[in-house]
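# build me a model from this:
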Amino acid sequence: RDAAQVTSLGITSATGAVNGTLNVGDGLIVTVNFSEALTVNTSGGTPALMLQVGNRTVTAAYTGGSGTAALQFGYTVLPGDSDVDGVAIIGGSLQALGGILRDAACNAASMGHAAVGDNASNRVDTSAPTPGSRGLLRYVDDGVSSTDHVSNDDSFSLALGGIQSSSDFLYQVSTDAGLQ
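As a prediction, this is how the structure comes out:
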């Protein structure tokens, strides 16, 4: 019987992603499918797979799947990670690293695999958001509502839309044209 071969691999889960973008602490799971079930022994080390996140090579460590043909490898996004095109899997990067991956006949698994290109569904952006600002037009009430676009109404209302949760807003209202 021949050794188990990689039949396919890809990013199968992204926890915490918002609109396909991962941030610090979010996780990726890569599933590597083999031609038959494998038993994974991590007592001597943890198998790993290399990912390309922007211009950095990072390690996705084995997280589970022993006894099946689908092994999972996980990576948690770190500060400074950035990838506008999406995370890629580096070809031939699966390594046992002291772990043992064997099929039922005790054959060591073959680790060779092709690269998987940038996955635009899994972009990474760990940069802090830049606060925006919106200026409100300053109108002066000259008493002629048809030209100054201001009425003599003393009530005030402000509606904000499209805001991100946990955003802070500062607004100032002056009844004396900001003179005091």
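# is the residue positioned nearest the centre of the chain bridged to anything, and to what?
By C-alpha atoms, centre = their mean, the chain has its centre lying nearest to Leu22, at 1.4 Å. On DSSP bridges, the residues paired with Leu22 through beta bridges are Val124.
# with Asn119 instead?
Val87.
# okay, now it: neighbour count?
Residues contacting Asn119 under the criterion other C-beta atoms under 10 Å number 20. For every residue, glycine as well, the C-beta is placed using N, CA and C.
# what pLDDT, on average, does stretch 116-130 get?
Averaging pLDDT along stretch 116-130 yields 89.
# dump the C-alpha coordinates for that stretch into CSV.
In CSV, the C-alpha atoms belonging to stretch 116-130 read as follows (Å, rounded to 0.1, in the frame of the first residue of the first chain):
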residue,chain,number,x,y,z
VAL,A,116,-2.5,27.9,-3.3
GLY,A,117,-2.6,31.5,-4.5
ASP,A,118,-3.9,34.6,-2.7
ASN,A,119,-7.4,34.1,-1.3
ALA,A,120,-9.2,37.4,-1.7
SER,A,121,-11.9,36.2,0.7
ASN,A,122,-9.3,36.3,3.5
ARG,A,123,-7.5,39.6,3.4
VAL,A,124,-5.7,40.9,6.5
ASP,A,125,-5.7,44.4,7.9
THR,A,126,-4.4,45.0,11.4
SER,A,127,-3.9,48.8,11.0
ALA,A,128,-5.9,51.0,13.4
PRO,A,129,-8.8,52.7,11.8
THR,A,130,-8.3,56.4,11.0
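# what sits up against that stretch?
9-11, 14, 17, 20-24, 28, 52-54, 77-89, 91, 164 (C-beta atoms under 8 Å, 6 or more residues apart in numbering).
# and what of stretch 56-67?
Contacting residues not belonging to stretch 56-67 are listed as 28-31, 37-40, 42, 46-52, 71-75, 78, 81, 90, 99 [C-beta under 8 Å, 6+ apart].
# tally of neighbours for the residue nearest to Thr42 when sequence neighbours are not counted?
Using C-beta to C-beta, 6 or more residues apart in numbering and skipping residues adjacent in sequence, the residue nearest Thr42 is Gly99, 4.9 Å away. Here the count is done by other C-beta under 10 Å, and Gly99 has 17 residues near it.
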